[in-house]
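J.: Okay, sequence plus prediction incoming.
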Amino acid sequence: MTDGAPGKLAVVAAGGTGGHLFPAQALAQALAARGWRVVLATDERVQTLSAGFPAERRIPLSAATFKPGDPLGAVKAGLAILKGVAQARRELAALKPAVVIGFGGYPSLPALIAAISQGRRTIIHEQNAVMGRANRLLASFVTEIACAFPTLQKAPAKVAARAVVVGNPVRPEIQAIYGRPYDPPAGEVRLLITGGSQGARLLSEMTPRAIAALPDAIRRRLKVQQQTRPEAVERAKQTYAASNVEAEIAPFFEQMAERLAACHLMIGRAGASTVCEIAVAGRPSILVPLKIALDDDQGQNARLLAEAGGAVVIREDALTPEFLAATLQGLIDDPARLGAMAAAAHAVGRPDAAEKLADLVEQTAA
């Protein structure tokens with residue numbers, strides 16, 4: 001949007017999980033390319049996740065979360081956050097950032113509360129279709145609100161009305177997939193299965209059993225790549241071997257973007273980053289929203305692809321090996337439908353989300 005902002009400083013507040021940190025990292029990369037300096041305010045838990053974060057400094061701030069109905073936990077979390085606010089006020093007073101951007105989760109609260117109390121310009125970005133608790137607390141006080149999904153829920157009407165839909169910033173390697181053609185399977189069928197960081201056990205155990213229940217003619221065409229829990233790796237390998245299915249099983253995959261680009265069908269959870277990355281990649285999917293997710297945020301995230309026709313959504317209560325096998329067989333036997341699903345997913349992808357959010361940062365700081 002501009003010719004850059006040499007020397008301007010943005011503090012990015014994110015932590016807790018990769019779902020919060022990865023979009024923050026994509027924004028930081030976009031801002032750095034425009035000449036901004038970036039400082040990351042986070043908690044201690046994400047040191048390994050933030051290793052590649054393009055920040056000149058990392059500010060560790062005290063923060064904590066708590067479960068609803070746990071008054072003692074709420075008190076402890078409140079004290080930790082207050083400590084973090086005091087730390088953040090000192091840091092912000094010294095740094096004098098042009099803007100502070102938060103990505104939700106309780107680790108973002110100290111920096112944003114400190115910035116608001118000092119009258120600084122602030123932005124929150126909501127990754128999910130349902131506004132999280134931390135962002136709900138701050139939404140009425142920040143300068144600008146950005147969101148990933150056009151159907152922002154659990155936000156006060158006045159807040160939702162002024163939210164700017166920018167999408168969910170994705171990593172550059174995912175962004176590079178946008179527009180890459182999708183070729184429906186004619187012979188070999190490549191399945192990519194991700195367990196998800198939460199609730200991984202269900203998919204880890206259920207998917208191999210479902211694939212084993214497919215007709216032999218389909219099983220022999222499959223090439224499966226499955227992320228699974230470490231303790232389930234050997235069992236999955238045995239199940240696939242006994243079913244004559246070629247499979248690569250590991251707790252973690254490198255080069256996930258290339259694997260996503262190459263797959264004919266993905267099976268996974270419906271976290272915000274996952275849904276938005278599938279849309280940008282333009283690949284068909286079977287999504288199983290995490291049942292215990294607060295406010296059914298994963299179920300609401302999945303609506304973006306399901307309502308567009310890009311994904312089949314299976315709720316946990318309906319998930320059985322037999323039902324998943326029938327769903328898989330129906331899709332594999334209908335390559336034209338897979339092609340239509342890929343096109344539908346591509347149509348709702350927002351590959352420029354990081355740039356749109358960087359535009360908003362520059363407008364807010366101007």
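T.: Here it is on my side, so go on.

J.: show me what contacts the residue sitting nearest the centre point of the chain?
T.: Geometric centre of the chain, nearest residue: Ser273, 1.8 Å, by CA atoms, centre = their mean. Going by CB atoms under 8 Å, 6 or more residues apart in numbering, Ser273 touches 18-19, 22-23, 127, 168, 170. In this view, the C-beta of every residue, glycine as well, is placed from N, C-alpha and C.

J.: Compute the distance between Leu319 and Arg57, please.
T.: Separation of Leu319 from Arg57 (CB to CB, to the nearest Å) stands at 45 Å.

J.: Quick check on the two: which one has the bigger neighbour count.
T.: Leu319 (19 against 13; other CB atoms under 10 Å).

J.: show me what contacts that one?
T.: 202, 206, 288.

J.: Between these, identify the one with the most neighbours.
T.: Val288 (27 neighbours).

J.: How about that residue: what's its closest non-neighbour residue?
T.: Ile314 (5.3 Å; CB to CB, 6 or more residues apart in numbering).

J.: Please list all residues in contact with the one you found.
T.: Taking CB under 8 Å, 6+ apart as the test, what Ile314 contacts is 286-288, 323-324, 327.

J.: now these: which count as buried?
T.: 286-288, 324, 327 (16 or more other CB atoms under 10 Å).

J.: would TSV of the residues you listed with pLDDT be doable?
T.: Shown next, in TSV, are those (pLDDT from 0 to 100):
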residue	pLDDT
Ile286	98
Leu287	96
Val288	95
Leu324	97
Thr327	98
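
J.: Mind checking which of those land in helices?
T.: Mapping those onto helices (DSSP state H) picks out 324, 327.

J.: so which strand or helix has Ile278?
T.: Here Ile278 sits within helix 272-281, counting by DSSP states H and E.

J.: what's the offset of that helix from the middle of its chain?
T.: 7 Å (CA atoms, centre = their mean, to the nearest Å).

J.: same check, this time on stretch 71-89
T.: With CA atoms, centre = their mean as the basis, the mean position of stretch 71-89 lies at 26 Å from the chain mean.

J.: would you put the C-alpha positions of that stretch in PDB?
T.: The C-alpha trace of stretch 71-89 is given here as PDB (Å, rounded to 0.1, in the frame of the first residue of the first chain):
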ATOM      1  CA  PRO A  71     -12.300 -19.500  40.300                       C
ATOM      2  CA  LEU A  72      -8.900 -20.200  41.800                       C
ATOM      3  CA  GLY A  73      -7.400 -20.600  38.300                       C
ATOM      4  CA  ALA A  74      -9.100 -17.300  37.200                       C
ATOM      5  CA  VAL A  75      -7.500 -15.500  40.200                       C
ATOM      6  CA  LYS A  76      -4.000 -17.000  39.400                       C
ATOM      7  CA  ALA A  77      -4.400 -16.100  35.700                       C
ATOM      8  CA  GLY A  78      -5.500 -12.600  36.600                       C
ATOM      9  CA  LEU A  79      -2.400 -12.000  38.800                       C
ATOM     10  CA  ALA A  80      -0.100 -13.400  36.100                       C
ATOM     11  CA  ILE A  81      -1.700 -11.100  33.500                       C
ATOM     12  CA  LEU A  82      -1.400  -8.100  35.800                       C
ATOM     13  CA  LYS A  83       2.300  -8.900  36.200                       C
ATOM     14  CA  GLY A  84       2.600  -9.100  32.500                       C
ATOM     15  CA  VAL A  85       0.900  -5.800  32.000                       C
ATOM     16  CA  ALA A  86       3.400  -4.100  34.300                       C
ATOM     17  CA  GLN A  87       6.200  -5.700  32.300                       C
ATOM     18  CA  ALA A  88       4.700  -4.600  29.000                       C
ATOM     19  CA  ARG A  89       4.100  -1.000  30.100                       C
END
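
J.: quick one, helices of the stretch 51-200 of the chain?
T.: Secondary structure of the stretch 51-200 of the chain, counting by DSSP state H, counting those that start in this stretch: helices at 71-95, 109-117, 133-138, 157-161, 172-175, 200-212.

J.: Of all those, which one is nearest Ala261?
T.: Of all these, it is helix 172-175 that lies closest to Ala261, at 8.9 Å by CB to CB.

J.: Now do stretch 340-355: distance to the chain's middle.
T.: Using CA atoms, centre = their mean, the offset of stretch 340-355 from its chain centre is 15 Å.
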